[in-house]
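**Q** I'd like to go over a predicted model; first the sequence, then the structure.
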Amino acid sequence: MGKTIAEKIFAAHLRDTPTPENVILDIDVVMCHEITTPIAITDLEARGMDRVFDTSKIKAVITMSRLPRIPRPQPRARSSATGHGVTRF
């Protein structure tokens, strides 16, 4: 039986298999969204992580949407992206 597209992508990007249930993959791109990015930035900074692994692989999606009762996340995401040299947003 042939492989699914997901299985083919995983096989092409496989770096290591530390256990049968876990795999480590090389990634092509990291997509960041305006709502989840500030949360992730805060968590990474709290863990002492202050560098971006590869600025050319990070794409930040910032829209002009505004949800009721939610603070605007765009300034935090944009300032962190530019502070780390991410230019694709």
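**A** Happy to help now that I have it. Residues are numbered from 1 along each chain as shown.
**Q** what's the longest strand along the chain packed up against?
**A** In the chain, taking DSSP state E as the definition, the longest strand is strand 14-19. The helices and strands touching strand 14-19, judged by 3 or more CB pairs under 8 Å, 6 or more residues apart in numbering; DSSP states H and E, are strand 22-25. Where C-beta positions appear, they are placed from N, C-alpha and C, glycine not excepted.
**Q** Glu34 contacts Val61, correct?
**A** Yes: using CB atoms under 8 Å, Glu34 is in contact with Val61, at 6.6 Å.
**Q** Specify which residue of the two has the higher count of neighbours.
**A** Neighbour count, other CB atoms under 10 Å: between Glu34 and Val61, Glu34 has more, with 20 against 13.
**Q** neighbouring contacts of the longest strand of the chain?
**A** Residues from elsewhere that reach strand 14-19 (CB atoms under 8 Å, 6 or more residues apart in numbering): 23-26.
**Q** mind running it again at 6 Å?
**A** 23-24, 26 (CB atoms under 6 Å, 6 or more residues apart in numbering).
**Q** which residue is nearest the centroid of the protein?
**A** With distances taken as CA atoms, centre = their mean, the chain has Val30 as the residue nearest its mean C-alpha position (3.9 Å).
**Q** Now do the contacts for that one.
**A** Contacts of Val30 (CB under 6 Å, 6+ apart): 57-58.
**Q** what do you get for Ile58?
**A** Counting by CB under 6 Å, 6+ apart, Ile58 has contacts 30, 86.
**Q** Give me the distance between it and Phe10.
**A** Using CB to CB, to the nearest Å, Ile58 is found at 21 Å from Phe10.
**Q** repeat for Ala60
**A** 25 Å.
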